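K.L.:
Structure for the following, please:
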Amino acid sequence: MNETIGNLFDKAVTAHTNRPFIWYEGDVVTYGDAAQKVDRRMALLSTLNLEQGDRLGLVFPNDPEFVYLLLAATKLGVTIVPINFRQEAHVLSYLVEDAGLSALVLDRDTAGTYADIQSEVDVGTIIGHDVESTHESTIDMHLDDTLTNLPADTSSPTPAVSPGDVAVLNYTSGTTGPPKGVRNPHRSFVDSGHRLVDACGTGSDDRGLLILPLFHANPMTYGLMHMIAAGGSIGLVRSFSASSFWETARNAAASFFTHVGSILEILWRKADEVENTDTQLEFALGGAAGFERQTAFEDKFGIQVLRLYGLSEVGAGLVTVCVYDPDQTHHPAHQGPISDSPFEIGILAEDGLTLKPQGERGEIVVRPNRPALMFDGYLGKAEETVEDWQDLWMHTGDIGQVTETGNLEFVGRKKTSIRVYGENISPWEIESPLSAVNTLEETAAVGVPDDVAGEVILLYAVPTDTGMSPEDMHEICQEVLPDFLVPRYINSVESLPKTSTQKIERVALSERGAEGAWDSKQWIPDSLTNNWHRRLSSYRSGYTQNRRSVSGLRPWSRAVTQWHGQPKLHSQGFDLYDEFPRSAIQWWGQVTPDWFDLRSRLRRH
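P.N.:
Model (predicted):
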């Protein structure tokens, strides 16, 4: 069997030509129609002289076009490079240059960021998909127009693509340095797709709702490859919103969705504010992040939570997976049985030389039982590849154990990357732009536990001016970092702890936790505080039961805006304003109808 992504798709097209393949915003595309679109894009890429081994970058949110281009490129033997479309310019510049792209596809949401770095990078062809006229100078060609004008008889080559050829170059967080390009082969994706079909019992009637961005291995493998292997379909969502999730799931008639742990937490917290949570969803499929309310979530929504264990370096990211069984409850930490895995799994002792027995914790190490199930190295980073591959084992940087029942149990992270909402963030992505700020001598970003996000960012900063406040540092972070990299906590320190070789002791900093650190969630800028200070004064002037100093309102006015510093939650539809009337509007235990008017004012602000 030719275990390539193209072959997997072709078999699905033959067997399910008239069956649905993609649902997007109410429209449905069949396998047969999708195959024609893929063929046209293969022809277009061929006219650009993209050949086997070249790399095509995709930098835009979920869209059917992402799927068509992914399939077209991999059928040609071209490597797909999916890039986080939310990156700031300096990181995008690094990724584009490091990947050595022959072509890059942008859309209306990403063309502006690329325009800022266009003079710094060298890319063969820039393709615009649904790009606004203001960015005409950024792109070399419009995808839709070019496809329309492409002669009908334009053909494309059919190269002999091997299961071991690199299909996708995924960028994963470096522990302290820049992100690394992980060279993942075709077989890893195909094998994962078939294994998920077996574990979940899915078929052509199933539909996976993809609410996470396709640049992430989670929806690409657990959703897209899974459904192609099953002959099923995917429901694409451009961006996740907790408030509209259940309605979208109903409209899409989805039978499952892929997730990271934080998604489940957000859905749980918002459930009481949604009128109807009834859906056809049977299970949720996702990675290792813990979710303590798993049993309650399953009971409330009738959706079984299936966990699996993987990482970017393990090909498509699938080492173990729990089996779908509506009559069984899986332990929240279990990632599936090791007996069903095509990987050998070990738990490494602290000495780095011996493997621990069942029931004892240590670093999870893995190695494949056959070729092309794992990455073949980091792009251009031989030393890092050797560092992670020691003694013929892939060192995952995760702590876990194998239970007496033979299940792999994930405990936590050993390495210093920060896992926020299921995405690994390198401290370098935060510290690099801050190093150019002359008022900060040195910084170190670490992760600290959070019930919703899994981890949130804590920044240790050494200011050049001792009078510089954490608020000042936070405002600098907002200026130079994208929202999802702005730290929640900031700790101003005189120096950072370092080893004898002058490396920052990040683990020690992380273990200190956030206690005593400045918390942006409890803070709003003075301009807003003073503004509400004045507004609340007018309310108090007619309120005579409590004759207190207006200055007593300042802590309260800070409390009512707890949403500040959490753009990630708000952008995903987790609207913290909704907590306002239940908690923060109480003033010395008194609540009047006038206070509820403040909520609408705060929304408009």
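K.L.:
where along the stretch 101-250 of the chain do the helices fall?
P.N.:
Using DSSP state H, counting those that start in this stretch, the helices of the stretch 101-250 of the chain run over 111-117, 143-149, 186-200, 217, 226-230, 245-252.
K.L.:
By mean pLDDT, show me the worst of these.
P.N.:
Among the helices of the stretch 101-250 of the chain, helix 217 has the lowest mean pLDDT, at a mean of 89.
K.L.:
So which residues make contact with that one?
P.N.:
Contact with helix 217 is made by 170, 310, 312, 316-317, as judged by CB atoms under 8 Å, 6 or more residues apart in numbering. Where C-beta positions appear, they are placed from N, C-alpha and C, glycine not excepted.
K.L.:
Distance check, the residue minimising distance to the centre of the chain against I263.
P.N.:
Closest to where the C-alpha atoms of the chain average out (CA atoms, centre = their mean) is E423, at 4.0 Å. Using CB to CB, to the nearest Å, E423 is found at 12 Å from I263.
K.L.:
R488 too?
P.N.:
Distance, R488 to I263, by CB to CB: 19 Å.
K.L.:
Span of stretch 344-361 from start to end?
P.N.:
Distance between the two ends of stretch 344-361: 17 Å, counting by CA to CA, to the nearest Å.
K.L.:
which parts of that stretch are buried?
P.N.:
345-348, 356, 361 (16 or more other CB atoms under 10 Å).
K.L.:
Any stretches of the stretch 1-150 of the chain with poor pLDDT?
P.N.:
1 (pLDDT under 70).
K.L.:
which residues of it fall in strands?
P.N.:
Under the criterion DSSP state E, counting those that start in this stretch, strands of the stretch 1-150 of the chain are mapped to 20-24, 27-30, 55-59, 79-82, 103-107, 125-129, 141-142.
K.L.:
Can you spell out the domain ranges of the chain, please?
P.N.:
Each domain of the chain is listed here as a residue range: 5-402, 422-522, 526-604, per automatic domain parsing.
K.L.:
I'd like to know which of those domains lies nearest to V411.
P.N.:
When the domains of the chain are compared by CB to CB, domain 5-402 sits nearest V411, at 4.4 Å.
K.L.:
burial count for S262?
P.N.:
For S262, the tally of surrounding residues (other CB atoms under 10 Å) stands at 26.
K.L.:
so it is in which element?
P.N.:
Element membership of S262 [criterion: DSSP states H and E] is helix 261-270.
K.L.:
mind checking how far the following helix or strand past that helix is from the chain centre?
P.N.:
Next along the chain after helix 261-270, taking DSSP H and E as the criterion, comes strand 283-286. Centroid separation for strand 283-286 versus its chain: 15 Å, with CA atoms, centre = their mean, to the nearest Å.
K.L.:
Now do the strands in the stretch 301-450 of the chain.
P.N.:
Counting by DSSP E, counting those that start in this stretch, the strands of the stretch 301-450 of the chain are 304-309, 320-321, 334-337, 343-348, 362-368, 389-390, 393-402, 407-413, 418-420, 423-425, 440-450.
K.L.:
who's in contact with A508?
P.N.:
P497.
K.L.:
typo on my end, it should be P337
P.N.:
So P337 contacts 320, 323, 405-408 (CB under 8 Å, 6+ apart).
K.L.:
before we move on, what about L8?
P.N.:
By CB under 8 Å, 6+ apart, the contact set of L8 is 189-190, 193, 225, 228-229.
K.L.:
and these as JSON lines, adding neighbour count?
P.N.:
Below are those laid out as JSON lines (neighbours: other CB atoms under 10 Å):
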{"residue": "F189", "neighbour count": "29"}
{"residue": "V190", "neighbour count": "26"}
{"residue": "G193", "neighbour count": "25"}
{"residue": "M225", "neighbour count": "27"}
{"residue": "I228", "neighbour count": "27"}
{"residue": "A229", "neighbour count": "23"}
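K.L.:
Out of these, flag the one nearest to S155.
P.N.:
Lowest distance from S155 to these (CB to CB) belongs to I228, with 24.0 Å.
K.L.:
Which of the helices and strands in this structure ranks last by mean pLDDT?
P.N.:
Least confident helix or strand of the chain, by mean pLDDT, DSSP states H and E, is helix 567-571 with a mean of 35.
K.L.:
Only C-alpha atoms, please: export stretch 303-316 in PDB.
P.N.:
Output of stretch 303-316 as PDB, limited to C-alpha atoms (Å, rounded to 0.1, in the frame of the first residue of the first chain):
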ATOM      1  CA  ILE A 303     -19.900  13.600  24.900                       C
ATOM      2  CA  GLN A 304     -17.100  11.200  25.700                       C
ATOM      3  CA  VAL A 305     -13.700  12.800  26.100                       C
ATOM      4  CA  LEU A 306     -11.100  10.800  24.300                       C
ATOM      5  CA  ARG A 307      -7.400  11.600  24.900                       C
ATOM      6  CA  LEU A 308      -4.400  10.700  23.000                       C
ATOM      7  CA  TYR A 309      -0.700  11.300  23.400                       C
ATOM      8  CA  GLY A 310       1.600  12.700  20.800                       C
ATOM      9  CA  LEU A 311       4.000  15.500  19.900                       C
ATOM     10  CA  SER A 312       5.100  17.300  16.700                       C
ATOM     11  CA  GLU A 313       8.200  15.200  16.400                       C
ATOM     12  CA  VAL A 314       6.200  12.000  16.400                       C
ATOM     13  CA  GLY A 315       5.100  12.500  12.800                       C
ATOM     14  CA  ALA A 316       1.400  13.500  12.900                       C
END
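K.L.:
tell me the mean pLDDT over it?
P.N.:
Across stretch 303-316, the average pLDDT comes to 88.
K.L.:
now that stretch, how far from the centre of its chain.
P.N.:
The mean C-alpha position of stretch 303-316 is separated from the chain mean by 13 Å, CA atoms, centre = their mean.
K.L.:
which regions of the stretch 201-350 of the chain lie under the pLDDT threshold?
P.N.:
The stretch 201-350 of the chain contains residues with pLDDT under 70 at 261, 288-290, 315.
K.L.:
repeat that with 50
P.N.:
Nowhere does the stretch 201-350 of the chain drop to pLDDT under 50.
K.L.:
Now do the buried residues in stretch 157-177.
P.N.:
For stretch 157-177, using 16+ other CB under 10 Å, the buried residues are 161-176.
K.L.:
Spatially, which two of these are the most separated?
P.N.:
Spatial extent of the buried residues of stretch 157-177 (CB to CB) is set by the pair V161 and T176 at 35.6 Å.
K.L.:
Please report the number of neighbouring residues for H135.
P.N.:
18.
K.L.:
so G397 touches G412, yeah?
P.N.:
No - under the criterion of CB atoms under 8 Å, G397 is not in contact with G412, lying 10.2 Å apart.
K.L.:
Now do the same for R506: its pLDDT.
P.N.:
pLDDT, read off for R506, is 82.
K.L.:
Repeat that for I585.
P.N.:
Looking at I585, the pLDDT reads 34.
K.L.:
Next: R540.
P.N.:
Per-residue confidence at R540 stands at 45 (pLDDT).
K.L.:
Bridging across strands, which residues link to P337?
P.N.:
Beta-bridge partners recorded for P337 (DSSP bridges): N407.
K.L.:
picking that back up, for M468, find the nearest of the helices of the stretch 101-250 of the chain.
P.N.:
helix 111-117 (27.9 Å).
K.L.:
Relative to the whole chain's centre, how far out is that closest one?
P.N.:
So, by CA atoms, centre = their mean, the centroid of helix 111-117 is 22 Å from its chain's centroid.
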